[in-house]
Each structure stands twice: as structure tokens, then as C-alpha cells.
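**Student:** Pasting the sequence and the predicted model now:
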Amino acid sequence: MKQSADRQILIRDVCKEYDGEIALDHFELYVRKGEFLTLLGPSGCGKTTTLRILGGFEFPSSGRVWMEGQDITGMPPHKRKINTIFQKYALFPHMNVFDNIAFGLKVQKKTRKEIDSKVGEMLELVGLTGYGKRNIEQLSGGQQQRVAIARALANEPRVLLLDEPLGALDLKLRKEMHIELKRMQQRLGITFVYVTHDQEEALTMSDTIVVMRKGKIQQIGTPLDIYNEPKNVFVAEFIGESNILPGVMHEDCLVSFSGRRFPCVDRGFARDEPVDVVIRPEDIQLVAPEEGMISGEVLNVVFMGVHYEMQIQSGPFVFLVQSTMKEEKGRSVGMKVPPDGIHIMRKDALS
Amino acid sequence: MNLVKKAFLTFILVFLYAPIFVLIVYSFNESRSMAHWTGFSLQWYRALLQDTTIMSALLVTVSVAVVASLVSTVIGTFAAIGINVMTKKVRIAVEFITNIPVVNPDIVTGISLMLLFIFFRITLSYTTLLVSHITFCIPYVILSVMPKLSQMRDQTYEAALDLGATPLYAVYKVVLPEIKPGIMTGAILAFTLSLDDFVVSLFTRQGVQTLSTLIYSMARRGINPKINALSAMMFVAVLGLLLIVNLRTDRNS
């Protein structure tokens, strides 16, 4: 099979069924060498199934998987140059930290010296130098996570699979790990395939995000693409918060919704095509009622730390608006949306 | 209230241990009588050790218990590992089938094994006794190992495969150490079950005696104080074994 050099992993027309339930539906994806790719979606979207097929723990019902030009569809996990970081770390509780990290090296029959130096190097990489003799139960969740990372990386995999690895950590630790994982990935140049349902995690770390739903890909793109140009209502709602309104595209760069026309930046729609309009809450500017494009009444205000989140009733629609400036509840306000704050989606892009 | 609790506890302990206590005391009695204490003596112990019939029955009992518990532990452990990875429906069915012998009355197990041997024209002997003991021990081993397996995270085994271990190496290095406490419990359970089995042994052997079958046949001719001595020794041996096991598990946890 010919494939371009930078396509390290290629998934072709893969279906997976469990007792008649479809987990993956004619799934197609390639992963470029050295990229940080995130499979993002709600539970049951097929993201973990995809990861388990890559790891060799599940086999597709149909379709093929290729890695570096080799068909690995039916290859058992221990023969793949792929390692996994499991959701709950799956450390070996009867072994200490050193033996956990050394497990893969011992399987490969490395010499004592090689093992010692590699484990030392890995402990340093994850910031646990001196922890080799500790028992697994003596470690905190964050430390166990680091041991799991060190254990997987000690095998020098060409691809690292991560199955919601930060799910069990608290928020602060999770944010630290986002930065650290990204740093490790860039330093080691290993391809990361990351599974999560947390959109913030996906946005901060990924080179490429694959949004999935019901075994199908909804959208593939950079975090910026996915956030700014969601392809359909599902993606727009799943990534960040948004106002989604029905509208009509009159001509290039002219859309109407909420009873008036707005200039926008989208092109290539049919004349008077019905569309979905997405406006991110931070793209709405609050102004005096007479200056606004739309006017409304503030229903409630919630302080969110950096900004205030307000619900504003305009006709039948309630807009979600984020602003650093507070408006009083019950007050009439005007809302302004710049042309590039309006994003148009085709109705039929919904799947 | 506290007094009632203590009295109740004392009553239960007395109820449980008084017979054994009496038996041990009278094993040191000088006379044959179980009714009169005539003085301290070790003569029944001496007689016991010189009685070749009892000693050979002891050898049979202990050797069967050792071999049967080892073999059934190996078979039962691997059976449990296999059952654990079956699909849910099959697993429930197989677990149900393996549990039936546990609730089956011993006499049914014993007679059906005997009939099976006769059907295949196998002469009853030490070997058939051993095979029977292995058979009735296996379900107990499976029963002790299964909970440990379901406690173990599925991903632990997968993690070993992921790191390059073959399935066999993963079982040996990761799964077996994880379920070791269950295996130990199963082995001890099998050992004690085999040691004090009477009913199954009665039907599945010929030409050899286990302690239980021997004592049964001796008791028909009246209680011999040698049996008191033997029972006392067995009680102490089992107590010792139990203490060792409990101390070990205490230290591990």
C-alpha cells in the first residue's frame, strides 16, 4: 500500500460492532508523524474504541489499519511499536516504581546497565528522580500518572496512545500536566494520539482535533479551526459555548437572523439558503440600546472570575454573552456583532 | 448489657471447644477409660507412633491432601483465569456449572465418582482416591480465585501486553502475583477439605485407608485412646497451620 511519508498511521474504512451496536461507522483517519492528535467527543462516540484498535486490544469488524506502511490490523499488542497510557494508569501494584518502568525493558532482555540508565533517564523526564524504590500505593494520583508516562516512554514507542489520562486528577494538576505533556511530546518528537471528552484539554494541547459523534467524524482541524469555524451545530455546541440561531444567507457576506440583516465574512452559499448562525458569547459587544444591532433585556448575570456571563432576552431568543463589564439585571441593552464574529454553517452539515 | 455479651461469647466458645478440650485432656490419661482420670501418661502417643496401620493411613491422608491441593490449585487457577476473560453470558453459565459441586452433598459426589470409575472399569485404589480429591477441590479453588480476578483491573493485563509481554509472560509476571492471595486461600481450603474428607474417600478407594475411614472402622469396635492422641495431634497441627496463614496475611496487609 502506498501512502505519503508523513502519514504514520492510516485507518481505512474501519467499522466496529459490539453485539449489533455500531461503535465505529466507516471510520477514516490518518495521523501525521510527530503530531499531537486528539480524538474528542462525548462518551460513546467511538473515541476509545479507535484508540483500542490502534493499541491492538480490539480488532475492527471490517476495514484496515496501517502503520508506517505495514498492515497492523490483526497484529497483537505486544508486537506493535505503540504504547498506551491507560485511563487509570494500570500500574502493576506488586512492583515498585523502578520495576514498573523497567517492565518493558526486561521483556526486551536489555542488560542490567541499560535498564538502570534508561529508568533513571525516564524518572528524570517525569520529575521523579529518587522515587525508584517507592511502592505504587505510596504515590499520589499525580505521581502515579507520571510513573505511567515513564513506563510507556521507556519502551521508546513511535506512537503513544493516551486514554483520558488526566481524568482522575484535580483541576490545577490537570492544567500543569497539559503543559508538561505538550512539552514532552515536542521534545521527544513522538506522535501522540490523545482521547478526551474535555474540550479545553483538546484545545490547549492538540495540533489536530478530531471531533467524533456516534462512531463518525464530525470535523477534523486545528484547535483554531474547530473553535472559530465549527462545521455543524454539534461541533459548535461541544466546543465552547455558543449562540446558535436559524438564519438565511442572502448573498455572499450578508446574512439575516433575529429579524435583521448582518454583514459577515462567509461566502459560497446558495441565494437565500437557510443556515445556522453561530456567535461565540465573547464576540457580542454590549452597547447602549440605541447603538446596538439587536436590543434585549438582561435576564441574569453570573460572575465567572475573569468575566461576567449574562443571559439576554431578545425576541424569542436568549443570547449568552460574556463580558468583563457588568450590566444590571433587568436593564435594556444593545448588542453588536462584528462581521468576523458571525460564523455560518450549512444545515446539511449536521450528521 | 456488656455482661450478657460476654456470657454469650463464653457460652459459644465453651460449646465449640469443650469437646476438643476433653479429648486432648483424655489423650494423656493413663487408663483406657474416658470416664476416670487415673494419671498423666504419654503411653497412647507412644502406641500411636508404633501403630503401622494408623501411620500408613496418616501418610495416605497427608500425601493425598498435599498432591490434591497442589494439582487442584494449578487447574483451578488457570480455569478461573480462563473463565474471567469469557464473554459475560458464557462466564455466568460456566461459573454456575463450576459452583454446583460446591453445594452438592458429598455423598452424591462420592457415589457418582465411584459409579464413574466402575463404569470405566477402573479398579478403586490410591489413584482413584487422589483423582476424586482433586475433582472436588477444583471448584473451591475457582471460587477463591475468581473474586481476586474481578478485583484486578482489566487494564493491568493489557498494560503488560502493551509493554511487549506475550500473553503467557503477562499472566506469569502480572496476573499471578496480583491474584496470589486468592490462590493461597484456594490452596489452603483445598488442603483442609481433602484432609478431613470422609464421605468421598469412603466410596472412591479400596485397599488403602485414610485417617477418617480408618477411625470410622476402628470406632465400630469401641473408642481407642490412640485415636484421642491422634485427634489431639491433628488439631494442634491444623491450629498451627491456621496461625501461620493468619499471621502471614496480617503482615501482608
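**Tutor:** Sure, I can see it.
**Student:** In chain A, where's the longest helix?
**Tutor:** helix A:171-188 (DSSP state H).
**Student:** what about that helix, distance to the chain center?
**Tutor:** Put simply, helix A:171-188 sits 14 Å off its chain's centre (CA atoms, centre = their mean, to the nearest Å).
**Student:** Contacts made by it with the rest, please.
**Tutor:** In this structure, residues lying in contact with helix A:171-188 by CB atoms under 8 Å, 6 or more residues apart in numbering or on different chains are A:36, A:125, A:141-142, A:145, A:149, A:153, A:160, A:162, A:165-166, A:169, A:192, A:201, A:204-205. The C-beta positions use only the backbone N, C-alpha and C, and glycine is treated the same way.
**Student:** At which residues are the helices of the chain located?
**Tutor:** I went with chain A, as the question did not name one. For chain A, the helices defined by DSSP H cover A:47-55, A:97-107, A:112-125, A:141-154, A:171-188, A:199-205, A:223-228, A:233-238.
**Student:** I was after chain B.
**Tutor:** Taking DSSP H to define them, one finds helices in chain B at B:2-26, B:43-50, B:52-84, B:88-103, B:106-119, B:126-151, B:154-162, B:167-170, B:176-195, B:199-204, B:211-219, B:225-252.
**Student:** ok now the second one, how far from the chain's centre?
**Tutor:** Averaged C-alpha coordinates place helix B:43-50 at 26 Å from its chain's average position (CA atoms, centre = their mean).
**Student:** now the longest one
**Tutor:** How far helix B:52-84 lies from its chain's middle: 8 Å, per CA atoms, centre = their mean.
**Student:** From the recorded domain assignment, give the ranges for the chain.
**Tutor:** If you meant another chain, say so; for now it's chain A. Annotated domains of chain A cover A:7-233, A:241-349 [automatic domain parsing].
**Student:** Let me rephrase: I mean chain B.
**Tutor:** If you go by automatic domain parsing, chain B breaks into B:15-50+B:223-253, B:52-219.
**Student:** what does the stretch 151-253 of chain B put close to chain A?
**Tutor:** With CB under 8 Å from any CB of the partner chain as the criterion, the stretch 151-253 of chain B comes near chain A at residues B:153, B:155-156, B:158-167, B:169, B:173-174, B:177-178.
**Student:** give me every residue that touches residue B:137.
**Tutor:** Counting by CB under 8 Å, 6+ apart, the residues that residue B:137 touches are B:68, B:69, B:72, B:76, B:189, B:190, B:193, B:194.
**Student:** so what pLDDT did residue B:12 get?
**Tutor:** pLDDT recorded at residue B:12 is 93.
**Student:** Check residue B:253 too.
**Tutor:** 55.
**Student:** Name the residues of stretch A:256-272 that are buried.
**Tutor:** The neighbour-count check on stretch A:256-272 (16 or more other CB atoms under 10 Å in any protein chain shown) flags A:257, A:258, A:262, A:264, A:266, A:269 as buried.
**Student:** I misspoke; the intended subject was stretch A:322-330.
**Tutor:** Residues A:322, A:323, A:327 are the ones in stretch A:322-330 that count as buried (16+ other CB under 10 Å).
**Student:** what's the first-to-last distance across it?
**Tutor:** End-to-end distance for stretch A:322-330, by CA to CA, to the nearest Å: 17 Å.
**Student:** Identify the residues contacting it?
**Tutor:** A:241, A:281-282, A:284-286, A:297-301, A:303-304, A:306-310, A:333.
**Student:** What pLDDT is listed against the spatially most central residue of chain A?
**Tutor:** Centroid-nearest residue in chain A, with CA atoms, centre = their mean: residue A:202, separated by 3.1 Å. According to the prediction, residue A:202 has pLDDT 92.
**Student:** Generate a markdown table for the buried residues of stretch A:322-330, with pLDDT and distance to residue A:85 as supplementary columns.
**Tutor:** Below are these laid out as a markdown table (pLDDT from 0 to 100; distance: CB to CB, whole Å):
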| residue | pLDDT | distance to residue A:85 |
| --- | --- | --- |
| A:322 | 92 | 34 |
| A:323 | 90 | 39 |
| A:327 | 87 | 45 |
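**Student:** Just put these in JSON lines and tack on distance to residue B:63.
**Tutor:** As requested, the buried residues of stretch A:322-330 are exported to JSON lines (distance: CB to CB, whole Å):
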{"residue": "A:322", "distance to residue B:63": "80"}
{"residue": "A:323", "distance to residue B:63": "85"}
{"residue": "A:327", "distance to residue B:63": "89"}
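**Student:** of those, closest to chain B?
**Tutor:** Using CB to the nearest CB, residue A:322 comes nearest to chain B of these, at 39.5 Å.
**Student:** Please tell me how far that closest one sits from residue B:144.
**Tutor:** 59 Å (CB to CB, to the nearest Å).
**Student:** Dump the helices of chain B to TSV, plus distance to residue A:54.
**Tutor:** Converted to TSV, the helices of chain B look like this (distance: least, CB to CB, whole Å):
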stretch	distance to residue A:54
helix B:2-26	60
helix B:43-50	68
helix B:52-84	25
helix B:88-103	25
helix B:106-119	50
helix B:126-151	27
helix B:154-162	11
helix B:167-170	19
helix B:176-195	26
helix B:199-204	52
helix B:211-219	59
helix B:225-252	38
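**Student:** now the strands for the stretch 251-351 of chain A?
**Tutor:** A:254-257, A:260-263, A:273-279, A:285-287, A:294-303, A:308-314, A:317-323, A:332-336, A:342-346 (DSSP state E, counting those that start in this stretch).
**Student:** nope, the stretch 1-150 of chain A is what I was after
**Tutor:** Counting by DSSP E, counting those that start in this stretch, the strands of the stretch 1-150 of chain A are A:7-18, A:21-32, A:36-40, A:62-67, A:70-71, A:82-85.
**Student:** which other helices and strands contact the fifth one?
**Tutor:** Identification of packing neighbours for strand A:70-71 by 3 or more CB pairs under 8 Å, 6 or more residues apart in numbering or on different chains; DSSP states H and E yields no helix or strand.
**Student:** For it, which strands pair with it and how are they oriented?
**Tutor:** Sheet pairing of strand A:70-71 (DSSP bridges) gives strand A:62-67 (antiparallel).
**Student:** Just give me how far the strand it pairs with sits from the chain centre.
**Tutor:** Centroid displacement of strand A:62-67 relative to its chain, using CA atoms, centre = their mean, is 23 Å.
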